[in-house]
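Engineer: Just the structure for this:
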Amino acid sequence: MKTSTRVTVSTLAAVLLGLAATSPVHAIPVIANGGFEAGFASWTRVDQLGSEGTFFSQSGTLSPVNGDPVPAPPQGTTAAMTDAPGPGSHVLYQDFVATADAAALGFALFVGNRASLFATPASLDFSTPTLNQQARVDILKNASDPFSVTATAVLLNLYQTKMGDPLISGYNTITTDISALLAAHAGETLRLRFAETDNVFSFQLGVDNVRFDQVQIPEPASILLLGAALVVLVGSRVVTRSRS
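Structural biologist: Numbers count the residues shown, from 1 in each chain. Now for the predicted structure:
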């Protein structure tokens, strides 16, 4: 009888724990063609007037224009990469609809700065005497100028090169939980932007494996179930000790 009771209690606790660990599947934002295997379908490329080069499809281990050594795409056979024989400012973006569900935004980034430094003024304009050699990733309001870095346009900066960073690095995967931003702008169209500016020397910015991932957050009902399971387990131990 004692064995049967213990089995029943253990089974009930296991069921409650299983239910607590299971959360409903929600819709999260979608990035289409995040691996660039379909070229630039679903993406928009913009180059500042007078720029040389752009974002290219890149495969293998050489940059698309200058033939500099670069790492192979980390996902599939193709990545997006800037390259040029001269100075310029280049933007790659995709708009997406924010949802109220918890999600993390991830991407793999290669930084290939062939100059001797980074220069990061608060601008993506390459055509000024000011040194400007940088890369950055932002979430913008979707009606913003693709090259804007103002506080009214940029909702969240996800990455930016800075003085002292390794000049050549990657591909590194960067993942950021943006659940709070999504909740604050649920239903709105936002813009994910990758930007690279160079007026010192050549610069390759590689982008691959751009995606949203679900972030699991226990819901109130799941927390109650977890509490019930713990109560059952503790109660079963108390009963067992009192009988022994």
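Engineer: residue contacts, Gly112?
Structural biologist: Contacts for Gly112 were tallied using C-beta atoms under 8 Å, 6 or more residues apart in numbering; they are Ser63, Asp68, Val70, Leu167, Ile168, Gly170, Phe203, Gln204, Leu205, Gly206. C-beta here means a position set from N, CA and C on the backbone, and glycine is covered the same way.
Engineer: What is the lowest-pLDDT residue among those residues?
Structural biologist: Minimum pLDDT for the contacts of Gly112 is recorded at Gly170 (90).
Engineer: for stretch 70-82, which positions count as buried?
Structural biologist: For stretch 70-82, the neighbour count (16 or more other C-beta atoms under 10 Å) marks Val70, Pro71, Pro73, Pro74, Gln75, Thr78, Ala79, Ala80, Met81, Thr82 as buried.
Engineer: isn't Ala108 right next to Gly76, touching?
Structural biologist: No. Counting by C-beta atoms under 8 Å, Gly76 is not a contact partner of Ala108; they are 11.1 Å apart.
Engineer: residues contacting the residue positioned nearest the centre of the chain?
Structural biologist: Centroid check for the chain by C-alpha atoms, centre = their mean gives Gly106 as the closest residue, at 2.3 Å. By C-beta under 8 Å, 6+ apart, Gly106 lies in contact with Thr173, Ile174, Thr175, Thr176, Asn209, Val210, Arg211, Phe212, Asp213.
Engineer: The third one: what secondary structure?
Structural biologist: Secondary structure state of Thr175, per DSSP: H, G, I helix; E, B strand; the rest coil, is strand.
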